[in-house]
Each structure stands twice: as C-alpha cells, then as structure tokens.
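Enquirer: Structural data only, the sequence is not supplied:
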C-alpha cells in the first residue's frame, strides 16, 4: 500500500498563523526522510478551519524541498478557479517535479468560501463538471478549448506542455450519491474522506465502479483513503487524545461548513448535506463529533494498522493518507504521533500487497 502524509495548516489559539506555518512545514519536511511516499495538501479559505488557500503553491514549495515523494492535492476546488489557470499550474508543477503530481479535485461545500469568491453554490456541480472536463482534456491534449454554460474558452496551448498522462493519477472527492455517475463519466478515481457510515460508502462506491465499467469499459482505479491519525503506545491515552483532538477538529468542520444550518436544503446539488444537517439537529452535534472520531484511525500501532486494513477491506484503497497534526495539538505531540505512526504502522502498510 502507498502511504502518504497530509498537511492541513489548521489555525491554533496558542500560535500565530506564521507559527502554525513554521511548525507544519517542519513536519511536512519530515515526510520524505521518514519514508512516506507522498505529501498532500488541502484548499480552504477565509476561516481558521485550515489555512492553505493555494494547495498547488504549497505542493510546488514541497516539490523543491523533496526529490522522490509524489505531490497530491486533497483537493483543488474547481468552482473557485479559472480552469485554464488550474491546467497551467498543474502542468507547470508536474514539469517542475518530474511528473510527481497527483491531481485531486472537488466542488466545495463552504458557504463562506463560495460567498467570498462570489460564486453561487447552486452552480457548483455544473461548474465542477465543466471545469474538470476542460482541465482533464487539456492535460491530455496539451491545449484547452471548451464551450459550456459557465466556461467559454478559446483554443490556447498549455506551456509548459504536459509531458505525461494524468490518467490513473487523477481523483475526485465524492461524498453525495449523485457524484458517482459524474466521476465515472469523467474517468477519475475516488478520494475518500471518511465522514459517513462505511456501509453507505461501500454501496455508493459499488455504484460508481459499476458505472465506471459501463462507461469506460475498464475497471475503476483503486480508491485513495485519508484518515485522521492518533497513534500511541497506550490505548487509553490514544482514545483520550483522539477524543480531544480529532473531536476538536470536527467541531471546526461543523463551524466552517455551518453543517447545522438550513441553507443546504434550499441549495441545488446539496440535498445530501441538507439531510446531514437534519440528522445533526435531531441527534445533536456531539453525536456527529463522536461518529466522526470513530471513523478515524486511533489507538496503539497494532490497533491503527488493524483499522486501516479494515478500511481497505471495505473500499479497496491502495493508498492511505495520514493526517497527524490538527486542532490545537501541540507540535511536539504531532511530531511524536507522526514518528510513531511512521516507525510502526507505515512499513507494515507498505509491505501489504
């Protein structure tokens, strides 16, 4: 199994934004020497949820500081960007890094972010599809030309030209059931961010795989799965710290995305999240936090390994991406977490066929 490390740059009440960046970049620098095979970043804007407004800029920085690791976006949120610029930036990063880019794409969920970029949320699915079609075709053909409802692009060459196909190394975050057909039609893999019951995820993944075979006359690529990790030699401490820090992280998810709000129900393309909001309001936010924590990877090294392998048995991922620093976790605790996971769990995952 391929094992990656993700930096999310979550703000801290104890440190300035600059100090968070200093500490998170130091941890990211450890990924390659510790044996991780990829470094991943996220894209978010305007709040202290995560402070990486340009994931491709972060990955370009990491490309210059590394020699072997692949560089994954988790994800570039396409409706917030001009697609031709994304295609150029991805091609440039791939050229700079010698072909190490893994392209992850998404359509976004944060109302505050859509509002900040002056993009209507109810257009996000259409914008995502058009942008993805334009970008993927451009990266294969070396030029961009597109005529859609939201994007009209005259023929332009991409320079530096793409030199290596992105087929097999492009993924999209898919949470709602309606996304299955879209991702199959685009011919991209699925990036799983655990946040729903595994049986639901497996059912939707099965639908996607069936559609992928039907549309592309080939098997869908293996999934990529991420997970929030807290690894400790003491099982009780691992559970206590996971409750504190992974739970603390999910509280920021609820706040950033306003998941208890009623705006999803009236927004086209976000009906699934409207149902999620209803459930949170019915059962309480803490039940949502507890549920999210239980989906993640915490415990002793043996327990973490077992949980990751359980996930693999359900969703068939050939890549696991570990998030080891989040919420208000002290940097020394995050580094201890990262190093213990790397020393004890990573090698066993990488030895798994």
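Expert: Structure received. Keep in mind that this is a model prediction, so the values were computed, not measured. Numbers count the residues shown, from 1 in each chain.
Enquirer: could you pull out the helices for the stretch 151-300 of the chain?
Expert: Along the stretch 151-300 of the chain, counting by DSSP state H, counting those that start in this stretch, helices occupy 179-186, 198-216, 235-241, 247-257, 271-283, 285-295.
Enquirer: Least reliable of those by average pLDDT, please.
Expert: Among these, helix 271-283 carries the lowest mean pLDDT, a mean of 85.
Enquirer: in this protein, which helix or strand is least confident?
Expert: Least confident helix or strand, the chain: helix 271-283 with a mean of 85, by mean pLDDT, DSSP states H and E.
Enquirer: Buried residues, stretch 173-183. List them.
Expert: By 16 or more other CB atoms under 10 Å, the buried positions in stretch 173-183 come out as 173, 174, 175, 176, 179, 180, 182, 183. All C-beta spots, glycine's among them, are computed from the backbone N, C-alpha and C.
Enquirer: just stretch 237-250 next, same as before
Expert: Judged by neighbour count (16+ other CB under 10 Å), stretch 237-250 contains these buried residues: 238, 239, 241, 242, 245, 246, 247, 248, 249, 250.
Enquirer: re earlier: need the helices of the stretch 151-300 of the chain in CSV (columns: distance to residue 166).
Expert: As requested, the helices of the stretch 151-300 of the chain are exported to CSV (distance: least, CB to CB, whole Å):
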stretch, distance to residue 166
helix 179-186, 11
helix 198-216, 15
helix 235-241, 38
helix 247-257, 29
helix 271-283, 28
helix 285-295, 29
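Enquirer: The longest strand belonging to the chain pairs with which strands, and in what direction?
Expert: When the chain is parsed with DSSP state E, its longest strand is strand 224-231. Here strand 224-231 has these sheet partners by DSSP bridges: strand 189-192 (parallel), strand 297-299 (parallel), strand 319-323 (parallel).
Enquirer: Stretch 10-26: which residues count as buried?
Expert: 10, 11, 12, 20, 21, 23, 24.
Enquirer: Can you report the mean pLDDT over the residues of it?
Expert: For stretch 10-26, mean pLDDT rounds to 96.
Enquirer: Next, the distance between the ends of that stretch.
Expert: Chord length of stretch 10-26, first to last residue, is 14 Å (CA to CA, to the nearest Å).
Enquirer: now the host helix or strand of residue 71, how far from the chain's geometric center?
Expert: Assigned by DSSP states H and E, residue 71 belongs to strand 70-73. Centroid displacement of strand 70-73 relative to its chain, using CA atoms, centre = their mean, to the nearest Å, is 10 Å.
Enquirer: ok, now stretch 254-268?
Expert: In terms of CA atoms, centre = their mean, the centre of stretch 254-268 is found 20 Å from the chain centre.
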